[in-house]
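In: pasting a predicted model and its sequence here:
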Amino acid sequence: METIQLKVTPGPKGPHDEVECDLASHSDYLVDEALILPHDKDFTLVFELDQNAPANWDLDNPFCARTGKCPPRKAQAHSHVRQTQVDKRRLEVEARAPNAKSVIHYRLNFDDGTTFDPIIIHTVASK
């Protein structure tokens, strides 16, 4: 399973307790601050908060995901995605291959009640 390290730098709080964050990575899968992943490969996604971030990950509920639309704060994780580790500044998520083109909406939750919704798309390579 390939690991993708992502640095998360939160910006100012927006409407509805959402925070716009910058994502940075050395991975070629990060394009315009969205992760574009192949549909047939498993990944470990490591979200590392910037050292100056004003909040930490919510240790009780740091992560959720679903297809179709953004999940509410307490939603269950999508069947192809699960949280594997979390501490105050580091969140690890296992993203299993859906084996089909899909968009899974993620929500990352901070301990101050704010959230961040990164975009992660599983693509089918064109031939």
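Out: Looks like it arrived, so ask away. For clarity, every value in this text was computed on a predicted model and none was experimentally measured. Numbering: from 1, shown residues only.
In: next, find the distance separating residue 98 from residue 32.
Out: Distance, residue 98 to residue 32, by CB to CB, to the nearest Å: 22 Å. Where you see a C-beta, it was placed from the backbone N, CA and C, and this is true even at glycine.
In: try residue 66
Out: Shown here: residue 66 relative to residue 32, a distance of 23 Å by CB to CB.
In: just to revisit the earlier point, what about residue 98 and residue 32, which has more around it?
Out: Taking neighbours as other CB atoms under 10 Å, residue 98 and residue 32 compare with residue 98 leading, 18 against 7.
In: so the more buried one, which of the three states?
Out: Following DSSP: H, G, I helix; E, B strand; the rest coil, residue 98 is assigned to coil.
In: mind checking how far it is from residue 39?
Out: In terms of CB to CB, residue 98 sits 6 Å off from residue 39.
In: check residue 26 too.
Out: Separation of residue 26 from residue 39 (CB to CB) stands at 22 Å.
In: and for residue 20?
Out: 28 Å.
In: over to residue 2?
Out: Distance from residue 2 to residue 39, by CB to CB: 14 Å.
In: quick check: bridge partners of the closest residue in space to residue 119 that isn't next to it in sequence?
Out: Of all residues not flanking residue 119 in the chain, residue 34 sits nearest, at 3.9 Å (CB to CB, 6 or more residues apart in numbering). Note on residue 34: beta-bridge partners by DSSP bridges are residue 31, residue 119.
In: distance check, residue 34 against residue 104.
Out: For residue 34, the distance to residue 104 (CB to CB) stands at 12 Å.
In: shared neighbours, these two?
Out: Listed as contacting both residue 34 and residue 104 by CB atoms under 8 Å, 6 or more residues apart in numbering are residue 120.
In: who has more neighbours, those two?
Out: Using other CB under 10 Å, the more surrounded residue of residue 34 and residue 104 is residue 104, with 21 against 14.
In: quick one: contacts for that one?
Out: Residues in contact with residue 104 (CB under 8 Å, 6+ apart) are 65, 66, 67, 78, 80, 81, 95, 98, 120, 122.
In: measure it to residue 4 for me?
Out: Residue 104 is 15 Å from residue 4, where distance means CB to CB.
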